[in-house]
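In: got a predicted structure plus its sequence, pasted below:
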Amino acid sequence: MTRHRGRGIASINYPIGMNLGGDPSQALVHSNPSGKFTVALSSIDLGQGMKSVTRQICAETLGVPVEDVYVDTADSDTGPHCMGSFASRGTHRVGNAVMAAAREARGVMMEAAAEELEVNAADLETDGRGNIHVKGAPHRSISTKDVAIAAQFRQGKTISGRGIFLVPLSNVDPETGEMSPATCYAHACLVAEVDVDDETGEVAMVRMDSAYELGRALNPRLVEQQLVGGAWMGVSHALYETPEPYYPEPIHGPRDFVEYLMPGPGDICPHDIAVLERPAPDGPFGAKGPGEMCANPVLPAVANAIFNAVGVRIDDLPITPEKVLRAIRAQGGARPQARR
Amino acid sequence: MSKIPLQFRHNGRDVAIFVDGGTNLLVALRELIGDMTPKFGCGQGGCGTCSVLIDGELHLSCLTLAETVAGRSIETLDGMKQGPNLHPLQRAFADNFAAQCGYCTPGMLMAAKALLDRNPSPTRDEVIEAISGNICRCTGYEPIINAILAAAGGRASA
């Protein structure tokens, strides 16, 4: 038995969002009489941090502290329409919708503040700490709370805003075959190092090194968290997960968590990540979004690493020990390739 | 079916309930006591998100017959917080971004507490071993391992 070390690389060009009948998301932002803001969405936070990111985007656009914004998600009865949290579209599509809604709400808030301070709204600015003051004259100031109270009880105004972001459907040009299915692309490159056991066919992850270019990272820790975790979903797709591992009979497939293979804490390896920020022109504050791209480069990189280690090219996922072993036997033994 | 009277300590408080024969501890905690912190994942001991401590020892509540905990002391995540203050493990999980969707988190925290209660300065391998019965889909485990080590005062990675 020999364990062969192999290294594989993969790069991806990843479109943000999708192109099936247009890709819209809506957001509504309104102020409560307390001066706090609510963002209504029907988009879903699956744990990826969409609530945090849309909260940041709303607060930044309004010019108020992030603590003053509450994001209410995932109710398609009461929230405005969203296509959903998939295709890495959350930050980009929903974020843009929130930005548009917050911009409109900010306009009303500044008008209401201008009326209270008896100045022109164009002469006002927010301090990001919950106050609005005259540019160059911080003492001519009113809190967003007092503006909200004035708008609600004296001026009879709703400090609110509507936002939609739509990437229209791009049809294929019948003459040229051209289309523009996405407005922005994220990029990644990942190097995977594996050990392949030529007696058992088992593949063990040794380490991963990656670089992700995903526009501006609006919340760097959330981005890192998503990349670290998402890479393991990629490893899982590459090596473990399938509803039918023991072909040809589906009856031998897993029925539950006990039989469905996923990596455990003992299977993980070091993963060094570099995040490169190249703001997207049409992204909210330049963001694209990591999303599914976290997992995507891992699969081809692992397949390439296995080829580098033992010389077998497996194009059927997941790359189970059985497939590796059959392929090694078919070629008459492991054939380690040149180290890269 | 006749009900069985059952008394035990739940996070330091005596509780008395009536359970059907065959009721598992997870159902008793969630549906009869109203402690929703132990989660139902697989119902067969494969995922670890229902983990609780029984007399300080880590157990899967979905595989534990409720009747067997009579007179014993059950700890769940609901009892981990000390008043308004987060437990050091909870604080470390937050600081190290050790949760995304959060479904595995109660079980991870209980497994971590069981470890640190008996071994306050675990090695990385001991941490991995301690949470190896718990599945996490989102984090890739690394932030969870780092959080537990940080809470133990070991290698912090915040």
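Out: All right, it came through fine. Numbering: from 1, shown residues only, chains lettered A, B, ... in the order given.

In: show me the contacts for B:Leu115.
Out: Contact analysis of B:Leu115 by CB atoms under 8 Å, 6 or more residues apart in numbering or on different chains lists B:122, B:126-127, B:130-131, B:148. Where C-beta positions appear, they are placed from N, C-alpha and C, glycine not excepted.

In: just among those, which is most surrounded?
Out: Among those, B:Ile148 has the most neighbours (other CB atoms under 10 Å in any protein chain shown), with 29 neighbours.

In: secondary structure class for the spatially most central residue of chain B?
Out: Centroid-nearest residue in chain B, with CA atoms, centre = their mean: B:Met110, separated by 3.0 Å. Recorded secondary structure, B:Met110: helix (DSSP: H, G, I helix; E, B strand; the rest coil).

In: now do it against B:Lys39, distance only.
Out: The gap separating B:Met110 from B:Lys39 is 11 Å, by CB to CB, to the nearest Å.

In: out of the contacts of B:Leu115, who's nearest chain A?
Out: B:Ile131 (5.2 Å; CB to the nearest CB).

In: so the closest one touches B:Thr139, yeah?
Out: No: using CB atoms under 8 Å, B:Ile131 makes no contact with B:Thr139, being 11.0 Å away.

In: for the residue of the stretch 1-150 of chain A found nearest chain B, give me its contacts.
Out: Nearest residue of the stretch 1-150 of chain A to chain B (CB to the nearest CB) works out as A:Gly47 at 3.1 Å. Taking CB under 8 Å, 6+ apart, we find A:Gly47 in contact with B:99-102, B:138.

In: residues near residue 129, how many?
Out: Since no chain was named, I'll use chain A. When neighbours are counted by other CB under 10 Å, A:Arg129 comes out with 11.

In: that's the wrong chain, I meant chain B
Out: 14.

In: hmm, back to that, which of the contacts of B:Leu115 lies closest to A:Ser170?
Out: For the contacts of B:Leu115, the minimum distance to A:Ser170 (CB to CB) is 45.9 Å, reached by B:Ile131.

In: find me the pLDDT at the closest one, would you?
Out: As predicted, B:Ile131 sits at a pLDDT of 97.

In: do the same with B:Gln82
Out: pLDDT, B:Gln82: 84.

In: and for it, the neighbour number?
Out: For B:Gln82, the count of nearby residues is 10 (other CB under 10 Å).

In: try B:Thr123
Out: For B:Thr123, the neighbour count with other CB under 10 Å is 13.

In: how about A:Asp72?
Out: 14.

In: ok, the one 4 residues further on next?
Out: Burial measure for A:Ser76: 13 neighbouring residues, criterion other CB under 10 Å.

In: sec struct for it, please.
Out: coil.

In: cool, A:Leu261 as well?
Out: A:Leu261 - assigned by three-state DSSP - is coil.

In: quick one, helices of the stretch 101-250 of chain A?
Out: Ranges of helices within the stretch 101-250 of chain A are A:144-150, A:220-239, based on DSSP state H, counting those that start in this stretch.

In: Throw those into a markdown table and include distance to chain B and mean pLDDT, thanks.
Out: Shown next, in a markdown table, are the helices of the stretch 101-250 of chain A (distance: least, CB to the nearest CB, whole Å; pLDDT from 0 to 100):
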| stretch | distance to chain B | mean pLDDT |
| --- | --- | --- |
| helix A:144-150 | 26 | 96 |
| helix A:220-239 | 4 | 94 |
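
In: which one of those is the most hemmed in?
Out: helix A:220-239 (a mean of 23; mean count of other CB atoms under 10 Å in any protein chain shown).

In: show residues contacting whichever helix or strand comes after that one.
Out: From helix A:220-239 onward toward the C-terminus, using DSSP states H and E, the following helix or strand is strand A:271-276. Contact with strand A:271-276 is made by A:207-214, A:217, A:220, A:223-224, A:227-228, A:231, B:140, B:142, as judged by CB under 8 Å, 6+ apart.

In: again with stretch A:196-204
Out: Contacts of stretch A:196-204 (CB under 8 Å, 6+ apart): A:1-4, A:6, A:194-195, A:239, A:267, A:269, A:302, A:306, A:309-310, A:319-326, A:328, A:333-334.

In: enumerate the residues of chain B near chain A.
Out: Chain B comes close to chain A at residues B:41-42, B:44-47, B:97, B:99-102, B:127-129, B:131-132, B:134-145, as judged by CB under 8 Å from any CB of the partner chain.

In: how does it look with 7 Å?
Out: Neighbours of chain A within chain B, by CB under 7 Å from any CB of the partner chain: B:41-42, B:44, B:46-47, B:97, B:100-102, B:128, B:131-132, B:135, B:138-143, B:145.

In: strands of chain B, start to end?
Out: Residue ranges of the strands in chain B, as given by DSSP state E, are B:3-10, B:13-20, B:51-54, B:57-60, B:73-75.

In: tell me the most buried of the ones you listed?
Out: By mean count of other CB under 10 Å, the strands of chain B have strand B:51-54 as the most buried, with a mean of 25.

In: show me what that strand is packed up against.
Out: Contacts defined by 3 or more CB pairs under 7 Å, 6 or more residues apart in numbering or on different chains; DSSP states H and E place strand B:51-54 against strand B:57-60, strand B:73-75, helix B:105-118.

In: would you turn these into a markdown table with mean pLDDT?
Out: Putting the helices and strands packed on strand B:51-54 into a markdown table (pLDDT from 0 to 100) gives the following:
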| stretch | mean pLDDT |
| --- | --- |
| strand B:57-60 | 98 |
| strand B:73-75 | 98 |
| helix B:105-118 | 97 |
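
In: quick one: closest of these to A:Val39.
Out: That would be helix B:105-118 among the helices and strands packed on strand B:51-54, by CB to CB, at 25.0 Å.

In: distance from the chain centre to that closest one, please.
Out: 6 Å (CA atoms, centre = their mean, to the nearest Å).

In: and the stretch 101-250 of chain A, which residues reach chain B?
Out: Checking the stretch 101-250 of chain A against chain B by CB under 7 Å from any CB, the hits are A:221, A:225, A:228-229, A:231-232.

In: apply 6 Å and report the result again.
Out: Proximity of the stretch 101-250 of chain A to chain B, by CB under 6 Å from any CB of the partner chain, involves residues A:221, A:225, A:228-229, A:232.
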